[in-house]
Every structure is written in C-alpha cells, then in structure tokens.
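Q: model the structure of this input:
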Amino acid sequence: MTNDHVELKGSNRTPPQDSVRRRDVDPRERIDVTITLKGPELPPPASMPKRSLSRSEIDRKFGVRPAFIRNVERVLQSFELSVDDVKQGGRSLRVSGSAAAMVAAFRPKLGVYELRGEGLIRGRRGPLMIPRALEGVITGIEGLDQRPMAFRHAARRPASQPAACLTPGDVQKLYNFPPGNGAGQTIVIAEFGAPVNNGKLMPPAYIAKDVAAFCKRHRLSRPNIKTRPIDITPLNERQYRTAIRRLPKKLGNILFVETAETMMDVELVAGLCPKADIHVYFASWTQKGWIDFLDEVTALDTAKPITVSISYGLAEESPDWSHGAMTSVNHRLQIAAMMGINICVSAGDDGIGCGQRRGRYHVEFPASSPFTVGVGGTMLTSREDGQVDEVVWWEAPGRRTGNGGGSTGGGVSALNRRPPWQTARVASLNPRAHRGCVVPDVAALAGAPFFDIVLDGKPDTGAGTSASTPVWASLIARINARMPARKRRRFIAPLLYAPAVAKTGFRDIVSGANGPSPRPRRGYEARRGFDAVSGLGVPDGKKLLAALSRV
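A: Numbers count the residues shown, from 1 in each chain. Predicted structure coming up:
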C-alpha cells in the first residue's frame, strides 16, 4: 500500500495459466477499461421485484448520481484518463488512456504473455491499487488483462460416428414446442473471441451464406439477423477462408471450431425462431468482455421481450477469475433479471471437473448465478426393445478430448448461495461446502444424435450444452410470444420451480451421471425430481406454456 493509493478489494490475479511472460507492455499502447462504481445495494434473491422494471426505473432506483460520476471523472482526468461512455445508470464507465496512464492510476503489474504457444495477450498479476480518493467508490476495473475468460461448451462429432442428426423440426417435435416462429421476440446470442491486436489469435467468423443455406435446406424463411461488434469484429467469409488457408494447422483448427460453434448457435435459433429479431454480439473473451456484453444487453431499447443465449463459461474456482469481476458480472445479471431478461447459460461439457486440474467438484460461472437459467445436457439412447430413452449426457471419458467425449456440467455452487426457489435437498459433494445454488436449472439435448448445421457451405453437425442452451432460449421466446401480454417479460427461473410448473412442464430425466471415466456415478446423479445434472428435466413446451400462463 502507498500513501496515495489503496488496494482494490477482489482485484488480485495470478499470471495467466499456461503462459510465458515475453516482454513489457509498450507505455504508449492505448488501453480501454470498464470501471464499475458502487451504487445502491441490489435486493437479495428472496426480495426480487414482483414485476419487471424498465431501464429508467433501474437507473432511478439503483443508479449513481451524476455529481458522483463527475467527481470520479475529475480524479481519472488527473491521471490523463478519459471517460468515454457511461452505462448502467452510472454504475459502469468506459475509460481509456495510455498504458503509462493506466499504470500511474491503478498500479497494475502488466506484461505481454504468450498464451499456450498460440498468441500474445496483455496480462497482469497481483492486485490493483486505486487512488485513495476513489476508495469505496470503485468496485471493479476490467480490461487491463486480455486472458481468455470465456470457453465454448460445444462437442464435436468424431469422424468415426454416424451422420444421423436432428433438424429444427425434430427438435420441436422432441420437446413439443408450442406453435409459432418467434415473431415479436428479440433473441440475443453472445459470441466471445480473441481481442484485437493480440498477435496470432483471431476472432470467430460469421458466414451469412451458411445461415441462408441452412434455412433453404430446412425450408425456413430468412431470419432478421444483426451482428453487433462490441470490442471485436467477426471475420467475414473471405477473411475466414484466407485465414484458414494461411494459418498454422493448430491455429486454423481453433478458428474452424470457434466459427462452427458460432454458426451452430445462430442456425439453431434461426431454425426454431425464424421470425424473431436475432442479435449476435461479439465481445472479447476477457472479464471486460463479459461486463461490456451485459451492459449492452441491458441497454437494448426495445419493448419486445428479450431472451439471451450464452454458450460459454469458466469454472468458478479457476485461478484466472478475479473475485471482483465475478461480483461485477453477477450484479449485471441481476439487473437483467429484474428487467425481465432471461439469460440462458450452458452448464459446461466437462462434467464435474470443468477443465480444472484440482480434485474438487466444480461448476461453471455464470451458469451458477441464481439470476440465469443454467442449461445442462442430455442424449438419446436406444433400448433393446427399440424404445428411445433420454438420459444424462455422458460420453467417455466424461470430458472433451480431441477424439470426442464430454458430459454435462452440474453440481453445487461454491460461489453463489442457493436461491429460495430451489427448495430441493441437493448437497454438494465437496467437504464442508455451503448450501450453494444448484446447476443446472433445466436440460435439453447435448449429445447423440447431434444437430444438423451448415458450415462453410457444407453440411456439418454440432452438439454440447452449447446446443442445448440456444434450444432453451428459443423455447422461452416461443413461449413468450404466446403468453398474455402482462406475463411476457418476466424473469422465468423462479417460476419454473413453482410446483404446478415443475410437475407438468417437464419430462423428468432419471438416469445418468457426470463423473469421470470409468465411474461416472462418482459425480452427481440423475434421480426422480430435481437433481444436479438435469435440473428440473427437459421441457414439454406446450405444457410448460400452459403452466406458466397460470402463475
């Protein structure tokens, strides 16, 4: 601690995992950060408002006074930093300046790191220090570090597996979707990728021709899709093909998979809600990217109900997270929930391990937030009598590998307390754990027989909780479209647990587990009723609509 600066609580970070520090950051480099300011306390989950609030109501109740913001701006300007934009009713400031100015203001230990031999990022280690005049005013500063904090949850089919897959019509039949096409709804899809000017890594591509080919293949009308870059811009078709041709094989494979998964998200939503307004946001994979994305979603100027699909996450206990950033993300998720925005988040594809090297049981954030709808995964299996069962998704070795495999994430949060609507007795498998939020809330198909998509003009397949999540986002939009007007814009997660809804709106999943090979039952197991691998179960869309219309 210095006389003029104090430590920012929750800001400590270890160096990026699997990286090597290569050099100092150029002091002239321009850096953009997002600063979170302390505002009025948000209500606990048990005291959430009974009706959704508008953006202006949120700002009046929970925003920061302009005079307060001006004082912060004066302090930042003294370090040659500028406030470029104000979001979240003043709780979120976009600030820019040189690396030298950021170091003077916040004392970060910056460096340029090579990430897993793939590309260069700006990283930091240790805590941040803030000017003493801003103590208790600033609660988070994100953007100094560019390490990946958003990993996809999508499985790839091994070449040896058969090519049978599900069409949009098959999905609607499997889950008894209510009639409709999503007209009058807004569906937001989150895509994260490499930050700009980072050496070798590139953002994913968005290929509009693939969406057109997919819709033609399934005799669907062309959807209204808008791509919305936040701090990264997706590659177009020409840039994608050039990059695939010129990049080293390893990096080319990464770009191919990222693009395939982006197109899967978009095509699944387009296939199930072709008349919805579909907004595809592209943000950097950093902690700042998460925060900026949520700031943009909650600023959308539309009277239409908004549903969000996020097929990304990271283990709560990953050393790459800072506690302050998770708190900042959670606050924004809660504001979205209070606005009646339903954010569906994938539970992960690596079972109880969530890609971590430690021996504990993990769940992923932000699926573990009580202010999201966490989505787990199932698969279809054939019995000897010819019948088909839907069970918990698990393919050896219970995590993703280059040759396939994976299993649904699920368990009990170590970060977020259990909300009052989760009344089932589900205990954490970790010793001395608190009564945390249970993940997932719901489930849908993530494994075999996989989903039909189009990639780079050719038929392809996709799967994982990266697929079950846009299925749920699309279903919520279809349900919203047929609800009475006064019930269309509501935070749906607590309503799903109402006894009348949980009993009639779901098909229970009673078989399977998500532990590691060769004994998946060492993880969490499916059981009758609510559990920590399939949540409430998979939907019966028409019955779910009827039940939600009555609560």
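Q: how about the residue nearest to Arg528 when sequence neighbours are not counted, secondary structure?
A: Among residues not flanking Arg528 along the chain, Val510 sits closest, at 5.6 Å (Cβ to Cβ, 6 or more residues apart in numbering). Placement of C-beta: from N, CA and C, glycine included. Following DSSP: H, G, I helix; E, B strand; the rest coil, we place Val510 in the coil state.
Q: ok, Val510 touching Phe530?
A: No - at 11.5 Å, Val510 does not count as touching Phe530 under the criterion of Cβ atoms under 8 Å.
Q: who has more neighbours out of these two?
A: Higher neighbour count among Val510 and Phe530: Phe530, with 20 against 17, using other Cβ atoms under 10 Å.
Q: residues touching that one, list them.
A: Listed by Cβ atoms under 8 Å, 6 or more residues apart in numbering, the contact set of Phe530 reads Gln422, Ala424, Val426, Val438, Tyr497, Ala502, Leu536.
Q: pull the helix or strand with minimum mean pLDDT from the protein.
A: Sorting the helices and strands of the chain by mean pLDDT, DSSP states H and E puts strand 151-152 at the bottom, at a mean of 76.
Q: which residues are in contact with that strand?
A: Strand 151-152 is contacted by residues Val257, Glu258, Glu261, Ser311, Tyr312, Gly313, Leu314, Gly355, Gly464, Ser466 when judged by Cβ under 8 Å, 6+ apart.
Q: where does the prediction get shaky in the stretch 201-350 of the chain?
A: Counting by pLDDT under 70, the stretch 201-350 of the chain has low-confidence residues at 301-303.
Q: pull the contacting residues for the residue positioned nearest the centre of the chain.
A: Nearest residue to the geometric centre of the chain (Cα atoms, centre = their mean): Ile310, 3.5 Å. By Cβ under 8 Å, 6+ apart, the contact list for Ile310 reads Ala190, Ile343, Cys344, Val345, Ser346, Pro366, Thr372, Thr469.
Q: measure it to Val533 for me?
A: To Val533, Ile310 is 20 Å away according to Cβ to Cβ, to the nearest Å.
Q: go on, Gly411?
A: Distance, Gly411 to Val533, by Cβ to Cβ: 8 Å.
Q: tell me which of the contacts of Ile310 fall in strands.
A: Ala190, Ile343, Cys344, Val345, Ser346 (DSSP state E).
Q: dump those to CSV, plus neighbour count and distance to Thr242.
A: Listed next are these as CSV, based on neighbours: other Cβ atoms under 10 Å; distance: Cβ to Cβ, whole Å:
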residue, neighbour count, distance to Thr242
Ala190, 26, 26
Ile343, 28, 35
Cys344, 30, 34
Val345, 32, 33
Ser346, 32, 31
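Q: what segments of the stretch 51-200 of the chain are strands?
A: For the stretch 51-200 of the chain, applying DSSP state E, counting those that start in this stretch gives strands covering 82-87, 92-98, 109-115, 119-125, 129-131, 138-142, 151-152, 186-193.
Q: with respect to Lys216, which of those lies nearest?
A: Nearest to Lys216 among the strands of the stretch 51-200 of the chain is strand 186-193 (20.7 Å), distances taken as Cβ to Cβ.
Q: quick one on the thing from earlier: can you list the strands of the stretch 51-200 of the chain in JSON lines and add distance to Ser322?
A: Listed next are these as JSON lines, based on distance: least, Cβ to Cβ, whole Å:
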{"stretch": "strand 82-87", "distance to Ser322": "20"}
{"stretch": "strand 92-98", "distance to Ser322": "17"}
{"stretch": "strand 109-115", "distance to Ser322": "14"}
{"stretch": "strand 119-125", "distance to Ser322": "10"}
{"stretch": "strand 129-131", "distance to Ser322": "14"}
{"stretch": "strand 138-142", "distance to Ser322": "8"}
{"stretch": "strand 151-152", "distance to Ser322": "17"}
{"stretch": "strand 186-193", "distance to Ser322": "17"}
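Q: worst mean pLDDT among those?
A: Mean pLDDT is lowest for strand 151-152 out of those, coming in at a mean of 76.
Q: helix or strand for Thr307, which one?
A: Using DSSP states H and E, Thr307 sits within strand 306-310.
Q: sorry, back to before: and which of the contacts of Ile310 is nearest Lys173?
A: Thr469 (19.7 Å).
Q: would you mind measuring from the closest one to Thr504?
A: Thr469 is 23 Å from Thr504, by Cβ to Cβ.
Q: how about stretch 363-373: buried residues?
A: Of the residues in stretch 363-373, Val363, Glu364, Phe365, Pro366, Ala367, Ser368, Ser369, Pro370, Phe371, Thr372, Val373 count as buried by neighbour count, 16 or more other Cβ atoms under 10 Å.
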